[in-house]
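Participant: Below are the sequence and a predicted model for it; my questions follow.
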Amino acid sequence: MEFIKWPLSAGLCPSLTQDVLLQLRGKGIETVIDFVSMNPERITAVCGLPFKRVLAIRRVLLAQYSSFPVNGLDLYDETLNTIAVLPTGCKELDNFLECGIYTGEVTEIVGISASAKTQFCHHFATNIAATLKQNVIYIDSTGGCSVRRMSELLKLNHPDEHLTSALSSIKVCKCQSLFEFKNAINEIRNNLQNEETFCSALKVIIVDSISAILGTCMYATSYVEGMSDVQKMGREINKLAKDFAIALVVVNDVVSTSVAVPSATTSNISFSKKPALGRCWSYVPSVRLTFEPVTEPTRLLPKDIMENDRSMDFTVSVTKSPRSFNRSIGLSVTRHGIVKIQK
């Protein structure tokens, strides 16, 4: 990191006269950084200046050129005033997640195909719209967003709410490429800054799925450029969540990696699963939840759940969180959405 070299000049403060300036320059102290980075006792010993004068000059230089300090208690109070905890719509899951999904963070939902990730997004979005009367932007990149399914959830879980009013609080945005995703994020940021009507009550942004958008950029150009795009978008959505106190939920897939386990006779190959998009993405989410089907995963379409009354059990594990770690809970997907497993 290269510091700006502000030169010392007479008149910056009453104690910094021309004679003092010549003494400092004679000892190689020519910039503000040189002065404030040196111990005051050493300046007194080397230059022969009074200790009180050195402290007075140092105090003025720090007040003029240093960043404004923030009291830790004030920063803590500001954080408490801007952070909100949003309920998911399932009491057991809220208790498991320390009251729910936190704003100002990126929460990642990781799992294989047909592990209830999209069903959770539907359940969470409808609960925010109906219970808290807040707006939700649903960025759909896979075509899995079902308005019919969200309407069914609203009718079953919130029968007293007006269906049209609740659905109008959920805005669905189709993004099939990185270019469209960048434009959508930039438009959301501009609308938030300009306090556009819909975004003035925006509390949740759901991206389903982020791997479908960012995974393609690794192969469209070179691998290094693709990783750079992933990092840039990771910083952008993290900054968006923090700047406007929004809960940003992203859905990510898993990939299998093979690891050779040597033995006395042969080398066995073991397979492990990890979130997609690589290590450059791992720093982006503050909370990572892993969804795993209890039995062999079978894709449940909204029609199967609504008309055939089918259900699927799955587990939710916390694999990354500043509040809890290495815990899991069993849940089920039914017509009513995400509920506790019925024994």
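Facilitator: Okay, I see it. Numbers count the residues shown, from 1 in each chain.

Participant: quick check: domain ranges of this structure?
Facilitator: 1-69, 76-340 (automatic domain parsing).

Participant: Could you identify which of those domains is most buried?
Facilitator: Burial of those is given as mean neighbour count (mean count of other Cβ atoms under 10 Å); domain 76-340 ranks first at a mean of 17. Backbone N, C-alpha and C define where each C-beta goes, glycine included.

Participant: Between the two ends of that domain, what distance do you get?
Facilitator: For domain 76-340, the first and last residues are 35 Å from each other (Cα to Cα, to the nearest Å).

Participant: For the remainder of this discussion, apply numbering that starts at 29.
Facilitator: OK, 29 is where the count begins now, so the last one is domain 104-368.

Participant: tell me the mean pLDDT for it?
Facilitator: Domain 104-368 carries an average pLDDT of 86.

Participant: Quick one: residues contacting Val279.
Facilitator: By Cβ atoms under 8 Å, 6 or more residues apart in numbering, Val279 lies in contact with 136-137, 145-146, 149, 234-239.

Participant: so which of these comes closest to Ile156?
Facilitator: Nearest to Ile156 among those is Ile234, at 9.6 Å by Cβ to Cβ.

Participant: The closest one sits in which helix or strand?
Facilitator: strand 230-236 (DSSP states H and E).

Participant: Given that strand, what are its sheet partners and their directions?
Facilitator: Note on strand 230-236: by DSSP bridges, its sheet partners are strand 163-168 (parallel), strand 275-280 (parallel).

Participant: helices or strands up against the next helix or strand after that strand?
Facilitator: Per DSSP H and E, strand 230-236 leads on to helix 238-242 as the next helix or strand towards the C-terminus. Contact partners of helix 238-242 among helices and strands, from 3 or more Cβ pairs under 8 Å, 6 or more residues apart in numbering; DSSP states H and E: helix 206-221, helix 251-271, strand 275-280.

Participant: Now tell me what touches helix 238-242 from outside.
Facilitator: The contact list for helix 238-242 (Cβ under 8 Å, 6+ apart) reads 169-170, 203, 205-206, 209, 235, 257-258, 261, 278-281, 304-305, 309.

Participant: Mind checking which residue lies nearest the centre of the protein?
Facilitator: Among the residues of the chain, Val134 comes closest to the average C-alpha position under Cα atoms, centre = their mean, at 2.4 Å.

Participant: Distance-wise, check that one relative to Ser345.
Facilitator: According to Cβ to Cβ, to the nearest Å, Val134 stands 18 Å off from Ser345.

Participant: And Ser65, by the same measure?
Facilitator: 48 Å.

Participant: Same question for Pro321.
Facilitator: Taking Cβ to Cβ, one finds Pro321 at 12 Å from Ser345.

Participant: what's in contact with stretch 223-234?
Facilitator: If you take Cβ under 8 Å, 6+ apart as the criterion, stretch 223-234 is touched by 112, 114, 129, 131, 149, 152-153, 156, 160-167, 197, 199, 216, 219-220, 265, 268-269, 272, 274-279.

Participant: Can you verify my assumption that Phe342 contacts Ala144?
Facilitator: Yes. At 5.0 Å, Phe342 counts as touching Ala144 under the criterion of Cβ atoms under 8 Å.

Participant: which residues of the protein fall in strands?
Facilitator: For the chain, the strands defined by DSSP state E cover 113-114, 129-130, 134-139, 163-168, 198-202, 230-236, 275-280, 282-290, 295-303, 315-321, 340-348, 355-362, 365-368.

Participant: For Met178, find the nearest of the ones you listed.
Facilitator: Closest among the strands of the chain, once you apply Cβ to Cβ, is strand 198-202, at 6.7 Å.
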